[in-house]
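*Asks:* what follows is a predicted structure for the sequence shown.
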Amino acid sequence: MKLALLATVLVVASIAFALNGEIGIHDPSTIALCDGRFYTYGTGGTTLVSDDGWTWRRGVAPPRRGMAPDIIHIGDRYYMYIAANIGAQPKAAINMISSKTLDPNSPDYKWEEGGVVASSDGKEDCNAIDPGVFLDPNDGRLWLVYGSYFGYIRLVELDPKTGRRINPNDQPRNIAINCEASDMIYRDGWYYLLATHGSCCRGTDSGYNIRVGRAKKVAGPFLDHMGVDMLQGGGKLLVGSGGRVIGPGHFGLLDLGDGVQKFSMHYEADLDRGGASVIDIRALLWEDGWPVAGENLKEGTYAIESVRTGTALELAVEGVPVGGRRGAGGGGGAGRGMSGGQGGVIPPQDVAQVSVNWPAGNLDVRMANYLCRAHQQWAISAVAGAGGYPGSPYFKIAIAGTDRALAASDDGELVVLPAFTGGPEQLWRIEKLPDGAWRIMPKSVPNSTAALALSAVGSSFATLAKFDPKSDKQRWLIKTP
Amino acid sequence: MVKLRHLLLSVTAVLASSALLAIAAASADPARGPAPSLTSPVSPERAPNANGFIQRWLLLEPIGAKGLTDSVVQAAVKKEYFPNQFTVIPRDGDKVTVGGAELTWHAVDTENYNVNLYHFAYALNKRTSDALFWAVTIVNCAQEMTGVRLAIGSNAASVWWVNGREVIGIYNDRQTVIDDGVSKRLTLKKGPNVVRAAIVNGGGATDFCARFLDAEDRPLKGFTVSVVGASMP
């Protein structure tokens, strides 16, 4: 963040497929979870709270306001790191405050000052803002990265018992240059340094983009995929502008467990919200040892294919070959026999036509080879007002062109109802897994409190079962038919 | 009520001597046997194999049936070919008359995970194509088992019942794939449980495999299989 920004009150109308509610924020912290609620803190004291990670509202600002906070939960305390310029940039300091809870209604809600953990004197090659705090899962050591364009991104060690600087006299280590909004994560033997390149705070002219390098040691060297050191400006692109959003910056990891990882960021300008700066949450995927920004699910008509079996989910009705049944001896019309199909165009199957023979009432679901048939094509659409989960709303999954909706059944299996009524057993949470496959879970299962996922228990049969991140049974490909 | 164990022991010798010889002898057509993958049961009961597959069945000589789509197969298997078709527990050598033809039930063990119906029918010089095969076995459980699933594969279409309830139907031309059709969760009761199947083949090879899966989708063990249902209620 090159400029010290005042708090910006951005109240925007909810629009499907970016987060919902009041999501205006700049420089959001890593999202913290406290007593089932999600919290994030931005520049100028902006605080956003969400019960489900999808719909957000304004929260109570912490007592210390400043620039681009970051937050971490260790033990029974939340430690927040907040920067402020204490003169002309790059003279700055990062302060720590801590509280037992993030819930202002809790009797334990009390922020305590923890003092300065890092600073820059205005002369050195560093601007001590944009803190990113990282707890090393290997050894429990706590680290802070910070810096913004005036020289280096730096690393100092903190005390995980207090959140304070472990030794204020230790010389900070330089680990990157010419970037800001840095943060660190760890995966499979590698430390990843995420940092934002480009310019901020220019609306649709902002060139913000998030880049990454990796190292075997926490202090680097962090090299990108081409071997360029981040101390020399390297960085592999994680996410840049695209679609209707411009200028992503300020990476924050949101680890939901079971291998499901997401990341938060803000866009400098959301074109669907008048160019406002808003927070978003997207899937974090992994490919060849590098993080990749995954897309959240978009509405559409899809085939739903099991990674385990390669077969596709379908309504358990007798299928009709596209173009009609093949006649005796391979005849029956253009494209229908082995020797047919000489140049004719066979139109997509008309669900209105083939569904006249489908039984009324509840129907089973099964799986089969995908053959472009109407009972294998699912319309996935967001359900307004039904809530959601980090990054997305709940979805309805129905046979395209009908209202026949997939649901969890009373016995923990699957059923297709004759019509969608909006019950929680008909709402689906659809999230990308690290390898790009999808996990599909009902919001709730009747007569059960278990969190279950769509599971291919056989080549031709799907059920609901506890999610196993190591198995392909609950991994699905959502393909455009 | 006669104890199942006594019945099993009493019929063991019959089973041992009859099954595949019977395959060769029971048909009016010249037999081609023996069926290479099928043998006569020589014990009253046997456990499923290491992967849980049921290897002992009573098979009825094939009935003519044509068509593999859902509705055609459903109609074919719901048609009554012989009395008590959905409840009878046949014995090795029992005969039924279907369309004027006398067909025989044969007790078989398979040495493989699957039951090769082509071997079975070919050995008897019976039809292998456009054929409907009935199969029955008894799964004996020492205690009730809940949350289990029947998991089958078949070439081609097949419909399956457990204790009289239809639990699986898979249709169209298809090859046998382990755990292709899987039932919803069901309960195997303590004592004997009847597994019944109708497999419809269009042309070429034909076979099936079946096992139960536990609540974690692992092969179910801890039961035995027999083909004598004399103690069934």
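*Replies:* Great, that's in hand.

*Asks:* any idea what residue A:73 is bridged to?
*Replies:* Going by DSSP bridges, residue A:73 is paired in beta bridges with residue A:78.

*Asks:* in the stretch 251-400 of chain A, which spans are strands?
*Replies:* With DSSP state E, counting those that start in this stretch as the criterion, the stretch 251-400 of chain A has strands at A:261-270, A:276-287, A:290-294, A:300-306, A:312-315, A:365-368, A:378-382, A:388-389, A:392-393, A:395-399.

*Asks:* out of the ones you listed, which comes closest to chain B?
*Replies:* strand A:365-368 (7.9 Å; C-beta to the nearest C-beta). In this view, the C-beta of every residue, glycine as well, is placed from N, C-alpha and C.

*Asks:* for chain B, what is the nearest residue in the stretch 51-200 of chain A?
*Replies:* For the stretch 51-200 of chain A, C-beta to the nearest C-beta, closest residue to chain B: residue A:188, 27.1 Å.

*Asks:* list the residues that contact that residue.
*Replies:* Residues near residue A:188 by C-beta atoms under 8 Å, 6 or more residues apart in numbering or on different chains: residue A:289.

*Asks:* isn't residue B:124 right next to residue B:33, touching?
*Replies:* Yes. Contact status for residue B:124 versus residue B:33: in contact at 7.1 Å, counting by C-beta atoms under 8 Å.

*Asks:* so between the two, which is more surrounded?
*Replies:* residue B:124 (28 against 19; other C-beta atoms under 10 Å in any protein chain shown).

*Asks:* list the contacts for residue A:53?
*Replies:* By C-beta under 8 Å, 6+ apart, residue A:53 lies in contact with A:31, A:38, A:254, A:281, A:388-391.

*Asks:* 10 Å instead, please
*Replies:* Shown in contact with residue A:53 (C-beta atoms under 10 Å, 6 or more residues apart in numbering or on different chains): A:19-20, A:31, A:33, A:37-38, A:254, A:256, A:262, A:264, A:281, A:387-392.

*Asks:* try residue A:376
*Replies:* A:302-305, A:311-315, A:319, A:349, A:367-370, A:399-400, A:481.

*Asks:* which ones among those also lie next to chain B?
*Replies:* A:311, A:319, A:367-369 (C-beta under 10 Å from any C-beta of the partner chain).

*Asks:* do a quick rundown of the helices in chain B.
*Replies:* With helices called from DSSP state H, chain B shows them at B:4-25, B:70-78, B:117-123.

*Asks:* now do the second one, average pLDDT.
*Replies:* Pointing back at helix B:70-78 there. The pLDDT scores in helix B:70-78 average 97.

*Asks:* is that helix anywhere near chain A?
*Replies:* Yes. Judged by C-beta under 10 Å from any C-beta, helix B:70-78 comes into contact with chain A at B:70-74.

*Asks:* do you know the pLDDT at residue B:30?
*Replies:* 70.

*Asks:* quick one: it from chain A, how far?
*Replies:* According to C-beta to the nearest C-beta, to the nearest Å, residue B:30 stands 33 Å off from chain A.

*Asks:* just give me the neighbour total for that residue.
*Replies:* 8.

*Asks:* excluding covalently adjacent residues, which one is nearest to the residue in the stretch 251-400 of chain A that chain B sits nearest to?
*Replies:* Taking C-beta to the nearest C-beta, chain B has its nearest neighbour within the stretch 251-400 of chain A at residue A:318, 3.9 Å off. Ranked by C-beta to C-beta, 6 or more residues apart in numbering or on different chains and with sequence neighbours excluded, the top spatial neighbour of residue A:318 is residue B:70, at 3.9 Å.

*Asks:* in contact with that neighbour, which residues?
*Replies:* Contact partners of residue B:70, counting by C-beta under 10 Å, 6+ apart, are A:316-319, B:157, B:169-172.

*Asks:* tell me the one of those nearest residue A:148?
*Replies:* residue A:316 (58.1 Å; C-beta to C-beta).

*Asks:* surely the closest one and residue A:399 touch.
*Replies:* No. Residue A:316 is not in contact with residue A:399 according to C-beta atoms under 10 Å; the separation is 11.3 Å.

*Asks:* now the common contact residues for the two.
*Replies:* A:358, A:363, A:375, A:416.

*Asks:* per-residue confidence at the second one?
*Replies:* Going back to what we said before, that points to residue A:363. 98.

*Asks:* which residues of chain B lie near chain A?
*Replies:* B:69-74, B:147, B:149, B:151-153, B:168-172, B:174, B:177-185, B:213, B:215-217.

*Asks:* export the contacts of residue B:70 to CSV and tack on distance to residue A:295 and neighbour count?
*Replies:* Shown next, in CSV, are the contacts of residue B:70 (distance: C-beta to C-beta, whole Å; neighbours: other C-beta atoms under 10 Å in any protein chain shown):
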residue, distance to residue A:295, neighbour count
A:316, 31, 22
A:317, 32, 22
A:318, 35, 16
A:319, 30, 21
B:157, 39, 28
B:169, 37, 19
B:170, 35, 27
B:171, 36, 25
B:172, 35, 16
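
*Asks:* dump those residues to CSV, plus distance to residue B:80 and pLDDT.
*Replies:* Output for the contacts of residue B:70, formatted as CSV (distance: C-beta to C-beta, whole Å; pLDDT from 0 to 100):
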residue, distance to residue B:80, pLDDT
A:316, 25, 97
A:317, 25, 97
A:318, 23, 96
A:319, 28, 93
B:157, 19, 98
B:169, 18, 97
B:170, 22, 97
B:171, 21, 97
B:172, 24, 95
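
*Asks:* farthest pair in the residues you listed?
*Replies:* A:317 and B:157 (15.2 Å).

*Asks:* low-confidence ranges, chain A, go.
*Replies:* Within chain A, the set of residues satisfying pLDDT under 70 comprises A:1-17, A:326-343.

*Asks:* is the closest residue to chain B within it bridged to anything, and to what?
*Replies:* Here chain A gets closest to chain B at one residue, residue A:458, 3.4 Å apart by C-beta to the nearest C-beta. Taking DSSP bridges as the rule, residue A:458 bridges to residue A:461.

*Asks:* contacts only, for it.
*Replies:* Contacts of residue A:458 by C-beta under 10 Å, 6+ apart are A:306, A:308-309, A:311, A:366-367, A:473, B:149, B:151-153, B:168, B:170, B:177-183, B:213, B:217.

*Asks:* tell me how far it lies from residue B:210.
*Replies:* Remark: distance between residue A:458 and residue B:210 (C-beta to C-beta, to the nearest Å) = 12 Å.

*Asks:* list just the nearest of the ones next to chain B among the contacts of residue A:376 to residue B:134.
*Replies:* For these, the nearest to residue B:134 is residue A:368 (24.8 Å; C-beta to C-beta).

*Asks:* what's the burial count for the closest one?
*Replies:* 21.

*Asks:* ok, residue B:221 next?
*Replies:* Neighbours of residue B:221 (other C-beta under 10 Å): 14.

*Asks:* that one touches residue B:47, doesn't it?
*Replies:* Yes. Using C-beta under 10 Å, residue B:221 is in contact with residue B:47, at 7.3 Å.

*Asks:* phi, psi of residue A:205?
*Replies:* The phi/psi pair for residue A:205 (degrees, to the nearest 10) reads phi -100, psi 10.

*Asks:* so the residue nearest to it when sequence neighbours are not counted is in which element?
*Replies:* Distances taken as C-beta to C-beta, 6+ apart place residue A:199 nearest to residue A:205, at 7.8 Å, with adjacent residues excluded. If you go by DSSP states H and E, residue A:199 is not part of any helix or strand.

*Asks:* list the contacts of residue A:199.
*Replies:* With C-beta under 10 Å, 6+ apart, residue A:199 has these contacts: A:2, A:149, A:205-208, A:247, A:249, A:268.
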